[in-house]
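Chemist: Below are the sequence and a predicted model for it; my questions follow.
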Amino acid sequence: MKSIILISVLVCSLSLSAQTNKEKFVPMIKKSIGVSFQSFDGLNSRISGFPEYEKLKDHMFTISLGSMHVMNNFVSQFTATAGSSLTGHSDRKSSAIRSLGGAFDIGYDVIPADKIMLYPLAGIGAETYHAVFYKDNSAVQFDDVLESPAVQNDIRSVKFTNAFITYRLGLGFALKSPKGYGTVGIQAGYSGSFKDRAWRSSENQVLAGAPVDKLSRFSVSLVLTGSKMMMK
């Protein structure tokens, strides 16, 4: 979380610096929905030894909000993203993976046309992940839960966390609106972690012998941008 806040402050500073340029500058609000693919093999391998738990899914659905700036064909964007596998049911054996992250990317529009944009991107980011595992507790007796603190603890879900500083590579394609300063398009990309990280408890505590994973995530998103003004 500290890394995400630090990157957000850096991005805001870069955005303010860019606005001092007197040349044409087009700020746009950026919204997107998409899907990403990431397999946490280390954690899943460890979970496979406990049949009462279900492995994590290898996909998440994402929603993002941020800004995109275009100036002299140079593209910069800041994006905050939340993701969820939309799985995990507390009333049966299941699992869920959720994420929260922020990123800053820069790129260049290689087709400076009136109607389309094609821009490769590169950037940095930070992402946190929460893995949740539910057991099937339908065979647990109600009275046992009332009588035993041990049973109460045993029926609770198990949660782990992880966090990564990432590098990002991507490609965007967009169609420009004939009216105003908006676009509709697609962005596809890859996010990788600079180092492997061990999973921690839900309270972010270090655990001895915890499984280790790296981030190697592919994503694709439908992206909408819009702006009502242009500054010169």
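Modeler: Received, thanks. Numbers count the residues shown, from 1 in each chain.

Chemist: okay, CA-based contacts and neighbour counts for the rest of this
Modeler: OK.

Chemist: ok, the helix or strand hosting Y129: who's next to it in the sheet?
Modeler: According to DSSP states H and E, Y129 maps onto strand 116-134. Using DSSP bridges, strand 116-134 pairs in its sheet with strand 94-108 (antiparallel), strand 158-176 (antiparallel).

Chemist: State the mean pLDDT of it.
Modeler: Averaged over strand 116-134, pLDDT sits at 97.

Chemist: can you pull the buried residues of it?
Modeler: Going by neighbour count (16 or more other Cα atoms under 10 Å), the buried part of strand 116-134 is 116-134.

Chemist: Who are the packing partners of the next helix or strand after that strand?
Modeler: Toward the C-terminal end, the helix or strand that comes next after strand 116-134 (DSSP H and E) is helix 142-147. Applying 3 or more Cα pairs under 8 Å, 6 or more residues apart in numbering; DSSP states H and E, we find helix 142-147 packed against helix 149-154.

Chemist: Please repeat the previous calculation with a cut-off of 6 Å.
Modeler: Here helix 142-147 touches no other helix or strand, going by 3 or more Cα pairs under 6 Å, 6 or more residues apart in numbering; DSSP states H and E.

Chemist: Touching, L100 and A80? I think so.
Modeler: No: at 7.6 Å, L100 and A80 do not qualify as touching, with contact defined as Cα atoms under 6 Å.

Chemist: one step back: please work out which of the strands paired with strand 116-134 is packed deepest.
Modeler: Comparing the strands paired with strand 116-134 by mean neighbour count (mean count of other Cα atoms under 10 Å), strand 94-108 comes out on top with a mean of 22.

Chemist: how far does that one sit from the chain's center?
Modeler: Remark: strand 94-108 is offset 1 Å from the chain centroid, using Cα atoms, centre = their mean, to the nearest Å.

Chemist: quick one: average pLDDT of stretch 186-206?
Modeler: Stretch 186-206 comes out at a mean pLDDT of 97.

Chemist: Pull up the distance across it, start to finish.
Modeler: 39 Å (Cα to Cα, to the nearest Å).

Chemist: What ranges in this protein fall below the confidence cut-off?
Modeler: Applying pLDDT under 70 to the chain flags the ranges 1-26, 180-181, 228-232.

Chemist: if we can go back for a sec, now tabulate the strands paired with strand 116-134 in JSON lines and tack on distance to Q187.
Modeler: As requested, those are arranged in JSON lines below (distance: least, Cα to Cα, whole Å):
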{"stretch": "strand 94-108", "distance to Q187": "12"}
{"stretch": "strand 158-176", "distance to Q187": "4"}
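
Chemist: residues near D144, how many?
Modeler: 12 (other Cα atoms under 10 Å).

Chemist: Distance of it relative to N137?
Modeler: Distance from D144 to N137, by Cα to Cα: 12 Å.

Chemist: Please apply the same query to A131.
Modeler: Taking Cα to Cα, one finds A131 at 19 Å from N137.

Chemist: Can you pull out the residues in contact with stretch 198-206?
Modeler: Residues outside stretch 198-206 that contact it (Cα atoms under 6 Å, 6 or more residues apart in numbering) are 159-162, 207, 210-212.
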